[in-house]
Every structure is written in C-alpha cells, then in structure tokens.
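Engineer: generate a structure from the sequence data that follows.
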Amino acid sequence: MGEPPVDGATVEVIGSYLTSAAEEMRVTLVRTAFNPVIYEVHDFGISVYDRHLRLVAESTGLSRFLGANDYSLARGVEYVGRENLHPGDVVLLNYPYWNAAHSYDATLFAPVFQPDGEGLIGFLCIRAHWMDLGAKDPGYVLDSTDMHQEGLIFPGTKVVSRGEPVREIHELIRFNSRMPDAVLGDLHAQIAALRTGERRLTEVYRRHGTATVDAVVERLIATAAESAAEAVAALPQGTWTAEDWLDDDGVTDEPILMRATVTVADGTFTVDFAGSSPAVPGPVNLPLGATIATCRVAFKAITTPTEQSNAGHFAPLRVRAEPGTLFHAVYPAATFTQWTGTVALELIYKALAQGMPERLPASSGGDVPGFMMVGAHPETGQIFAVSNNDPVGWGGTVDHDGIGPANHLCQTQARNTPVEVLEAKTGMFFERVEIRTDSGGAGRFRGGCGLRRDIRFVSSGEFLSVIKKTRSAPWALAGGLSPEPNQVVVFPGTDREARVSTRRTAVVSGDRVSLLTAGGGGHGDPGLRDPEAVRRDVAEGYVSADAARETYGVNA
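Structural biologist: Alright, predicted model coming up:
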C-alpha cells in the first residue's frame, strides 16, 4: 500500500515545522552552553533525521559540521545497534574516523520514538566543539602523531540511558578534562537541545499522524533529489583538476600536496582526491566523513544554494579518497588540526572554475586564521582556553567585488568571538583591529580586504596560532591579481620577531603578536576596473592612492 496523498500546503506546513524544530534546538543550545565557541561563535551543527537516517531538516551552524552529522550518525547507530536504543537515550561519539571530525567535536545523538514510546520515528544529532577532553596539550593539539594523543575517545557511548544520566561516564569526562565545569556544562546544553527536539518531533507526529508525516518526508526528499538532478544537468559537463598546498603538518616543515579532480557527467558530480599526499605524521589528516562533508558544502553551493537541505539534495554527489591518504585518515592517524577541509573547499572551487568561471569567485583568503590563548586567568586563577577564527577577504566575481573581511566560506553562519569576550576571559588585550588597505587582490572586480589584529598580552600563557595557508597566495581568475597570503608575526619589533603559521608560543605580560589575514583574489584585468570604483576604494581605505595609480592607472 502506497503513502497517502498529501497536498502542497501540508508539505509546506510540516516541512517548516521540522526546520523550526531544528531552530528551536539551536536556540536552546546557544542559551545554555558554557563555552564561548558555542554560544558566541556557533561552532556546532544541528540535524534532524527520519527513522531511515535520512536528513530531513537542519539549523544554521558550521556547514561542514552539518554534513559530517550524517556520516557520524550512521556509524554511531551501527556501532550501538538499533535494538539497543531506547526512549530517553543519548549517545556520545567522538572517535574521529566515525565522527568525521577531531575528538573535541563531540557528537551527541538521540533516537526519537512515538509519543506512546512504541516505534522509532527519527533521530536528532548535535555536534559542538568542547574545549578540553584530556588531550596531551590544553586547548588545541597542533603536533600530535597519533589519535591517542588527542584526548579521551568515545566510540558511541550512552551518556543518558532511558532518561537517566550515566554517572560513571559523566565522572569519566569530569576527571579527564582540565576544564570539567565548562565541558560538562556543554554536554548538558546539548542534551537539553536534544530534549527540545524530541518534544517538537513527537508533537508533529501526534498532531498530523505518522502516515502523513512520513509521506511529507518522502515528498520533501524526492523533490530535493529532482532539484539537485536538474541543477547537475544544467552545469557544464567535463572533468577538471586543481592542486593546492598546505603549509605543513605541524610536525615537519614540508608542504603538503592536495589534488582534487571534479567530474560532472551522466547525472553525477564526482570529487576524486587521487594524487593528494599520503597520510602525514601530523594532525592534518582528514577523516573520510569530514572529506565528504567538505564536498557537500561545495556541491550544495553550486547546485541548490537557496533550498533548505535534506538528504535528497546530495543524491548526485560521489566522493572518492583512498584509505590511508590525506583525505581518508585511518586508525591511528592524527586528525586534530583539520584545517585541511577549509583549504580543500576552495580547491574544489578552483577545479570547477576551469570549466565554469562565470559561476565561481576567485579564491578567498584561503584559510580560517584561527588563534587561541591558553593559561590561568589572572583574576580567578582558573584555566582558560578561548579561541577565535579571524575573517578574510572573499574573492572577486565576474560581476562584483568580493566582500571582506568576512568569515571563510566554509563557516556559513559562524561568527567571530567578540573582543569583549576575548579580553574578559583571557590575558589578551587588543590594541588594533582594522581593515588592511591593499590586502585584496586587484582586478576588474577586486577581492575583499583582510584584517589586521594587534594583540598585547597582559598575563602569561600560551598563544596558539592555527593556520595552514601562509606560504602560498590565494588564486585569482581571468587576469586578476593574487593578494599576499596570511601572516602571523610573533614578538614584532623585537629580536625574537618571527613569522609563523601553526605554533604554540609561550608568552608573558607585555609580549605582542600581529595577525594579518589575506584578502580575496581579484577577478579580471585591473586595467578594466571602473575608475570611479577605484577612487571610491581609495576614499574608503580599501586601496591606497599609490596602488590606485600603479596597479589601476587611476589618480585618486
């Protein structure tokens, strides 16, 4: 017997209700989390699934997290076993090769049953970044050489069983964290958000009935698959390959080759990472689920960017990466510093730009220039580890300038950590935060500008810079110019001054650091830029008068 017929209005009402449930989960998480990277930065991913583990709705967050949830939920349910999941259960998964992320991106998932407790109707999943879970170093691990240096591992462990907290697991987390109050606080915030989702999901089934909701989900997924198929068919068909480099792996100074080949043909969109580096000693290896999530971001952006995501949107996507390589980490490869996925997103775009240059912008600043301070707070004496992801410029396009400074393309709705939070919770004082003149690549349509941030330390600790693209410049298109790459300068103006990328640097009160983030690449010949646009750029501080004259041939 087939699914009951449903009209368009019912589809819209129930579809919007599912999305609203995910959004209410987000609000609960943000309002109850202890960690600024969750409640300020929105470093999380929230997803709603049907009983078949198909994505039906999601809330805003880190786009690569949202894609990774699909992979980790499937592996987690497989490990635990459906028969061992009961009403009220919550499962924790952070085993990197199943979790599609590093060990501090803690995934919690919960089964959802019919209001009467009989019959599974779906799953809820929340992934959020915890600040400490017993890794060899506080904050971020930059030079691990195997998984066991990267923290306490849960392969799919119940933290709540039939509605009751599993005290032994909570205490295991407490005694393996340098920041137990914050970590357990975030654990409970995620559980609270899951409970919000459970109430909303059971409510929609109770109100509309199982048969109707199931029929709507089938319609939503089928419609999305049709939309994605039409979008792929409308793309230029062909095969294109691009290469790029990571600075290093955090253990050696050797640059690391990344290669992606994108093929659009026969109704499929295939990304193949053959030719990329084998797995490396340091923690930049990417679990396969994280690689798939990166490809999903690129695919969705080029096919159906304005539609609410569900499983159907990704039906045409194929991802290939051989086990034991940079893009398919296997045990016990180190995976903590996953900036590889950030750079790889634009590697995919770089390949696509060869076949469809009118659809793609030039490269952004090419990385997420992350930094963190770890130490003991000078007033409270408590350990802190607070991070920020700095903005970069976006690349120029065929018909407009790139924006900037703005969060990297991979971060969607994520935000920067406010200066007020960083100064209150760490030993950093920000002497300067300003747009960098001339940091965007010149072009008929120029790249957006990067940012300069000067930090003075008012207490001792460690400053962690996390960035993997300081040696190679972002790429331009159609005759545009590339900007200078990102820079991190420690102890500027002293005999210890050094330019670094990913490093732990011991600091004391009075030390300084400067971060200079890259602008976006230019698009088109700079000589064709509208002179009035150049003069406006000079007036607004994006371009200097010297650059206007020497690069654009305009006196301003």
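
Engineer: next one: Val6, what pLDDT does it get?
Structural biologist: We have a pLDDT of 87 for Val6.

Engineer: leaving out the residues flanking it, which one is nearest to it?
Structural biologist: Closest residue to Val6 apart from its sequence neighbours, by CB to CB, 6 or more residues apart in numbering: Ala215 at 4.9 Å. Backbone N, C-alpha and C define where each C-beta goes, glycine included.

Engineer: quick check on that neighbour: phi, psi?
Structural biologist: Here is the backbone geometry of Ala215 (degrees, to the nearest 10): phi -60, psi -40.

Engineer: that one - how many residues pack around it?
Structural biologist: Using other CB atoms under 10 Å, Ala215 has 20 neighbouring residues.

Engineer: report the separation between it and Glu203.
Structural biologist: According to CB to CB, to the nearest Å, Ala215 and Glu203 sit 18 Å apart.

Engineer: what of Ala110?
Structural biologist: For Ala110 relative to Glu203 (CB to CB), the value is 16 Å.

Engineer: is it correct that Thr304 is in contact with Glu226?
Structural biologist: No - applying CB atoms under 8 Å, one finds Thr304 not in contact with Glu226, separated by 10.4 Å.

Engineer: ok, now which ones touch the closest residue in space to Arg54 that isn't next to it in sequence?
Structural biologist: Once flanking residues are discounted, Arg54 sits nearest to Ala311: 4.0 Å by CB to CB, 6+ apart. Contact analysis of Ala311 by CB atoms under 8 Å, 6 or more residues apart in numbering lists 54-56, 70, 221, 224.

Engineer: which ones among these lie within helices?
Structural biologist: Applying DSSP state H to the contacts of Ala311, the entries found in helices are 70, 221, 224.

Engineer: in terms of neighbours, single out the busier of Thr304 and Glu226.
Structural biologist: Thr304 (19 against 12).

Engineer: quick one: contacts for that one?
Structural biologist: So Thr304 contacts 224, 227-228, 231, 313 (CB under 8 Å, 6+ apart).

Engineer: before we move on, back to that, among the contacts of Ala311, who's most crowded?
Structural biologist: Val56 (29 neighbours).

Engineer: does that one touch Gln308 like I think?
Structural biologist: No - judged on CB under 8 Å, Val56 makes no contact with Gln308 at a distance of 9.6 Å.

Engineer: where is the longest helix in the chain?
Structural biologist: For the chain, the longest helix by residue count, based on DSSP H, is helix 180-208.

Engineer: avg pLDDT for that helix?
Structural biologist: 96.

Engineer: try stretch 53-70
Structural biologist: pLDDT averaged over stretch 53-70 gives 89.

Engineer: in helices only, show me the contacts of Thr304.
Structural biologist: 224, 227-228, 231.

Engineer: generate a PyMOL selection restricted to the buried entries among the residues you listed.
Structural biologist: Here is the PyMOL command that picks out the buried ones among the ones in helices among the contacts of Thr304, judged by 16 or more other CB atoms under 10 Å:
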select buried, resi 224+228+231
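
Engineer: for the ones in helices among the contacts of Thr304, give me a markdown table that also has pLDDT and distance to Asn555.
Structural biologist: Output for the ones in helices among the contacts of Thr304, formatted as a markdown table (pLDDT from 0 to 100; distance: CB to CB, whole Å):
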| residue | pLDDT | distance to Asn555 |
| --- | --- | --- |
| Ala224 | 98 | 53 |
| Ser227 | 98 | 50 |
| Ala228 | 98 | 50 |
| Ala231 | 98 | 46 |
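
Engineer: closest one of the ones in helices among the contacts of Thr304 to Pro87?
Structural biologist: Distance to Pro87 across the ones in helices among the contacts of Thr304 (CB to CB) is lowest for Ala224, with 29.5 Å.

Engineer: having no further points to raise, I will conclude here.
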